[in-house]
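1. Generate a structure from the sequence data that follows.
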Amino acid sequence: MKNLTVIIPAYNEEKAIEETLEKLLPAAVRNRWNIIVLNDGSSDSTLNKIEKFQSIRVITHKANRGYGASLKTGLKNSETELAAFYDADGQHSPEELEKLWNAWTDQDMIVGQRVKGSHFSISRAPGKWILGKTANFLAGKKIPDLNSGLRIVKKDTIMKYLELFPDGFSFSTTSTIAFLGDKRQVDYIPIQTSKRIGKSNVNQVKDGFNTMLLILRLIVLFNPLKVFFPASFFLILLSIVYEILWGYVFSPHLRMLPGALLTFLTGIIIFFFALIMDQISQIRRNSIGK
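-> Numbering: from 1, shown residues only. Okay, the predicted model is just below:
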């Protein structure tokens with residue numbers, strides 16, 4: 001049994017997949033890695049190009065199920081202790097994967113952190129900045145690279161969380177949040193990426209919004225107080241400010257303004273709701289993997 005399986009999701013990547021595999025194969029042979037390519041319902045010649053490589057295992061989804069669904073299928077069919085996620089679009093190089101491989105000791109996940117010199121899409125910059133800042137706040141720490149597609153994970157560990165992850169492009173982002181939220185050891189290794197070959201299948205608006213919701217859901221699962229306590233504190237503070245500035249200046253005859261009272265009670269309700277959610281979260285987290 002070999003120690004690492006490289007999982008490569010591929011959907012309509014006929015322009016890149018052959019070159020990607022040709023570059024990866026020598027490193028795979030040298031390091032005794034397995035390779036699984038997930039043909040995710042491609043409608044072009046992606047499958048034909050993959051089948052040229054007889055030493056590579058190919059699994060095909062009859063219909064397009066998504067990037068995350070492909071990774072899940074690959075994980076379930078791998079037979080090694082470790083699994084690597086590797087993009088089919090030519091962004092990654094075998095040398096960068098070997099950096100992660102050589103840095104592995106006993107972490108739960110190693111992520112390739114894209115550094116200066118990597119290809120950068122200006123059109124995606126605003127969305128990535130907003131997503132990154134939101135994730136950093138909710139996670140309570142700075143995340144060096146939220147959605148890098150190049151990473152190595154312990155199979156047994158990530159399988160415990162698989163039901164929490166989406167079938168779409170948010171798999172990388174949500175797996176990062178889940179591991180960090182559950183205090184798993186996640187290390188970052190600097191890498192450089194190239195410009196992808198072909199056109200991306202990511203819908204920046206739709207997928208970005210869905211990713212935000214998924215991050216929020218995971219944070220509520222792992223640390224609900226991070227979400228509800230600020231909301232509770234804000235409403236209670238707002239009610240006090242409203243009562244002082246508006247009530248005493250414009251309505252001194254009222255002991256407490258109805259709006260201020262309603263806002264204050266809403267803040268209190270959210271506070272106790274957060275405590276209940278924290279208990280439910282702890283029960284759910286204890287059940288993961290059982």
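2. quick one: S194 and D87 touch, right?
-> No - with contacts counted by Cβ atoms under 8 Å, S194 stays clear of D87, the gap being 10.4 Å. All C-beta spots, glycine's among them, are computed from the backbone N, C-alpha and C.
3. Give me the more crowded residue out of these two.
-> D87 (20 against 13; other Cβ atoms under 10 Å).
4. Secondary structure class of that one, three-state.
-> Secondary structure for D87, judged by DSSP: H, G, I helix; E, B strand; the rest coil, is coil.
5. My guess is it contacts R151. True?
-> No - D87 lies out of contact with R151 (Cβ under 8 Å); the separation is 10.7 Å.
6. so what are the domain limits for the protein?
-> Here the domain parsing of the chain from automatic domain parsing is 4-222, 225-287.
7. Where among these is average confidence lowest?
-> Of all those, domain 225-287 carries the lowest average pLDDT, namely a mean of 80.
8. returning to that earlier point: highest average neighbour count across the domains of the chain?
-> domain 4-222 (a mean of 18; mean count of other Cβ atoms under 10 Å).
9. how far does that domain stretch from start to finish?
-> End-to-end distance of domain 4-222 (Cα to Cα, to the nearest Å): 29 Å.
10. Equivalent analysis for stretch 48-63, please.
-> 16 Å.
11. Not counting sequence-adjacent ones, nearest residue to the residue nearest the centre of the chain?
-> The chain has T173 as the residue nearest its centroid, 1.4 Å off, counting by Cα atoms, centre = their mean. Closest residue in space to T173, ignoring its immediate chain neighbours: N147 at 4.4 Å, by Cβ to Cβ, 6 or more residues apart in numbering.
12. what ranges do the strands span in the protein?
-> 4-10, 34-40, 57-61, 82-85, 109-114, 151-154, 186-191 (DSSP state E).
13. in its sheet, what does the first one sit against?
-> If you go by DSSP bridges, strand 4-10 pairs up with strand 34-40 (parallel), strand 82-85 (parallel).
14. Repeat that for the third one.
-> Strand 57-61 has the following strand partners under DSSP bridges: strand 34-40 (parallel).
15. Which residues does the partner strand contact?
-> 2, 4-11, 17, 21, 24-25, 28, 46-47, 50, 55-61, 64-67, 69-71, 73-74, 77-80, 88 (Cβ atoms under 8 Å, 6 or more residues apart in numbering).
16. ok, S45 touching K15?
-> No - contact criterion Cβ under 8 Å: S45 and K15 do not qualify, at 9.6 Å.
17. pretty sure Y86 is touching T5, no?
-> No - using Cβ under 8 Å, Y86 is not in contact with T5; the gap is 10.3 Å.
18. Including distance to K99, could the strands of the chain go into a markdown table?
-> Putting those into a markdown table (distance: least, Cβ to Cβ, whole Å) gives the following:
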| stretch | distance to K99 |
| --- | --- |
| strand 4-10 | 13 |
| strand 34-40 | 18 |
| strand 57-61 | 24 |
| strand 82-85 | 12 |
| strand 109-114 | 8 |
| strand 151-154 | 10 |
| strand 186-191 | 5 |
